[in-house]
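Participant: what would the 3D arrangement of this be:
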Amino acid sequence: MCMKHSLAHPSIPSSIWALGSVSFLMKISSVIIFILSPLFVTQVLGASTFVVGLLEGILEAISFLTRILSGALSDIIHKRKSIITVGYIFALISRPLLGVATTVEGILLGRAFDRIGNGLDAPPRDALVGDIAPSSIKGACYGLRESLSRAGAFSGSLLAMGLLWVTHNNYSLVFWLGSIPTAVALIVLLLFVKDPVSEKCQIKPPKKKLKLSDIKTLPLSFWLVLLLSSIYNISNISGAFLILRTEQMGLDIHLIPLVMVIQNIATTASAYPAGYLSDTFGKRSLMFLGICLMIIANILLAQGGSLVVVLGAILLWGAEMGITQSMLAIFVFDACPALLRGTGFGLSHFLNGISLVIANALAGWVWHVSGPASTFYTSALVAALAALVLPFIHKKSLT
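Facilitator: The predicted structure follows:
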């Protein structure tokens, strides 16, 4: 174990708290959009679930491609905060577009702006956390941002239900209201988040101009991290399958949203403590703990037994997400050279997106062919395979 804390333990920088607050606000807004837009398309516009699936596929492809470009661009121009700002402007525009939409094409346009904003935000934001974080508390900084983001997802889910009830299912009004947290997030970003990469380059321009061809110079440790992340995310199947499992176990329909509430509470509660502990005990140890929790949760979900057991498994599932997503972000940052960190996060987000598509397609097929137990056992097996990659990631790159 790596004991690195001293009496002069640094505090989390204010810019990290600001970024976490921004993530909290943006997640509230994006979750409202994510939850309500499929309902609006089917219930109000009368489109089929096939159209919903087609829209979501197109939108995720847009997000994946934007993430690669935004990460690399943040390295090329040395301005992470500027790209994040543009992303939030796209997201802010998307809310009114959805509010006035009366056709499927209008929803597609609004959601496309939202996904472009998300793609522009994610890689530069993850790189910026590492740029700002003191090296001795990097895990705590990533964990804090993840916890606040998950708290936003939890709050957004409850707020979406509450706003629908208060507005009597006025989707357009709720979309308009969703612009409020986005606007506040943009203001907080502009006023309270510093960009050390941009400031450093203004004082002393980099000696080397980055080119996209420099991707081939990324070290082996980075590609091993991507291998670990890609395999592990194939085990990270959609919460829809957790919902289906609880429904099978007899959970009342009106209580189904509690599944995602439980998961997000556990993720919120685990991310920051895991990040904090990783600064003392090492990132690989915490990542291994997260993988073990994933395996245990899957086994419990596969065996069923009772509704209480399944809900307990979902709690473990949420906890492992808080741990593993924080650790994987740190792994990527530590494995990338300073000039290629945005690019590294862009590649990571893109490949993780592909892994999640594979995960859900595989889970749906296994569920259809062999049933729910086989689905969760398969997820546990894939998570165990990911653990086999962990020892090959060089320990020095994770300190």
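Participant: low-confidence ranges in the stretch 251-399 of the chain?
Facilitator: For the stretch 251-399 of the chain, the stretches with pLDDT under 70 are 253-254, 256-257, 394-399.
Participant: buried residues of the helix or strand where Thr378 lies, list them for me.
Facilitator: In the assignment (DSSP states H and E), Thr378 maps to helix 372-387. Within helix 372-387, the residues that qualify as buried are 372-373, 375-380, 382-384, 386-387, counting by 16 or more other C-beta atoms under 10 Å. For every residue, glycine as well, the C-beta is placed using N, CA and C.
Participant: also stretch 166-175?
Facilitator: Using 16+ other C-beta under 10 Å as the test for burial, stretch 166-175 gives 171-172, 174-175.
Participant: pLDDT on it, on average?
Facilitator: Averaging pLDDT along stretch 166-175 gives 91.
Participant: CA-only coordinates of it, as PDB, when you get a sec.
Facilitator: In PDB, the C-alpha atoms belonging to stretch 166-175 read as follows (Å, rounded to 0.1, in the frame of the first residue of the first chain):
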ATOM      1  CA  VAL A 166     -47.000  20.000 -10.700                       C
ATOM      2  CA  THR A 167     -47.300  21.000 -14.400                       C
ATOM      3  CA  HIS A 168     -49.900  18.300 -15.200                       C
ATOM      4  CA  ASN A 169     -47.600  16.600 -17.700                       C
ATOM      5  CA  ASN A 170     -46.700  19.800 -19.500                       C
ATOM      6  CA  TYR A 171     -43.600  18.500 -21.200                       C
ATOM      7  CA  SER A 172     -42.800  21.700 -23.100                       C
ATOM      8  CA  LEU A 173     -42.900  23.800 -19.900                       C
ATOM      9  CA  VAL A 174     -40.600  21.300 -18.100                       C
ATOM     10  CA  PHE A 175     -38.100  21.400 -21.000                       C
END
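Participant: what secondary structure does the closest residue in space to Lys194 that isn't next to it in sequence sit in?
Facilitator: Among residues not flanking Lys194 along the chain, Ser15 sits closest, at 4.9 Å (C-beta to C-beta, 6 or more residues apart in numbering). Judged by DSSP: H, G, I helix; E, B strand; the rest coil, the three-state class of Ser15 is helix.
Participant: contact partners for Ser15?
Facilitator: Under the criterion of C-beta atoms under 8 Å, 6 or more residues apart in numbering, the contact list for Ser15 reads 132, 192-194.
Participant: tell me which residues are up against the helix holding Thr378.
Facilitator: 228, 231-232, 234-237, 241, 244-245, 248, 288, 291, 294-295, 298-299, 301-304, 359, 362-363, 366-367.
Participant: at 7 Å instead, please
Facilitator: 228, 231-232, 234-235, 237, 241, 245, 248, 288, 291, 294-295, 298-299, 301-302, 363, 366-367 (C-beta atoms under 7 Å, 6 or more residues apart in numbering).
Participant: how about stretch 45-61?
Facilitator: By C-beta under 7 Å, 6+ apart, stretch 45-61 touches 38, 41-42, 103-104, 108, 111-112, 115, 353.
Participant: returning to that earlier point: which one among the buried residues of stretch 166-175 gets closest to Ile93?
Facilitator: Set against Ile93, the nearest of these by C-beta to C-beta is Phe175 (12.1 Å).
Participant: mind telling me what element that closest one is part of?
Facilitator: Assigned by DSSP H and E, Phe175 falls in helix 171-177.
Participant: which other helices and strands contact that helix?
Facilitator: Counting contacts by 3 or more C-beta pairs under 7 Å, 6 or more residues apart in numbering; DSSP states H and E, helix 171-177 packs against helix 14-39, helix 80-100, helix 138-166.
Participant: now with 6 Å, please.
Facilitator: Counting contacts by 3 or more C-beta pairs under 6 Å, 6 or more residues apart in numbering; DSSP states H and E, helix 171-177 packs against helix 80-100.
Participant: following the helix it packs on, which helix or strand comes up?
Facilitator: Counting by DSSP H and E, what follows helix 80-100 is helix 104-132.
Participant: quick one: that following helix to helix 80-100, angle?
Facilitator: Put simply, helix 104-132 runs at 160 degrees to helix 80-100, going by axes from the mean of the first three to the mean of the last three C-alpha atoms, to 10 degrees.
Participant: quick check: buried residues in helix 104-132?
Facilitator: Result for helix 104-132 [16+ other C-beta under 10 Å]: buried residues 104, 107-108, 110-132.
Participant: which one is the residue sitting nearest the centre point of the chain nearest to, not counting chain neighbours?
Facilitator: Among the residues of the chain, the one closest to the centroid is Gln325, at 7.4 Å (C-alpha atoms, centre = their mean). Leaving aside its sequence neighbours, Gln325 sits nearest to Glu146 (C-beta to C-beta, 6+ apart; 5.8 Å).
Participant: picking up where we left off before, and the helix holding Thr378, C-alpha only, in CSV?
Facilitator: In CSV, the C-alpha atoms belonging to helix 372-387 read as follows (Å, rounded to 0.1, in the frame of the first residue of the first chain):
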residue,chain,number,x,y,z
PRO,A,372,-32.2,-13.0,-16.5
ALA,A,373,-29.9,-15.2,-14.4
SER,A,374,-27.7,-15.9,-17.4
THR,A,375,-27.6,-12.2,-18.2
PHE,A,376,-26.2,-11.3,-14.7
TYR,A,377,-23.8,-14.2,-14.6
THR,A,378,-22.4,-13.1,-17.9
SER,A,379,-21.9,-9.6,-16.6
ALA,A,380,-20.1,-11.0,-13.5
LEU,A,381,-17.8,-13.1,-15.8
VAL,A,382,-16.9,-10.1,-17.9
ALA,A,383,-16.1,-8.0,-14.8
ALA,A,384,-13.8,-10.9,-13.6
LEU,A,385,-12.0,-10.8,-17.0
ALA,A,386,-11.4,-7.1,-16.6
ALA,A,387,-9.8,-7.7,-13.2
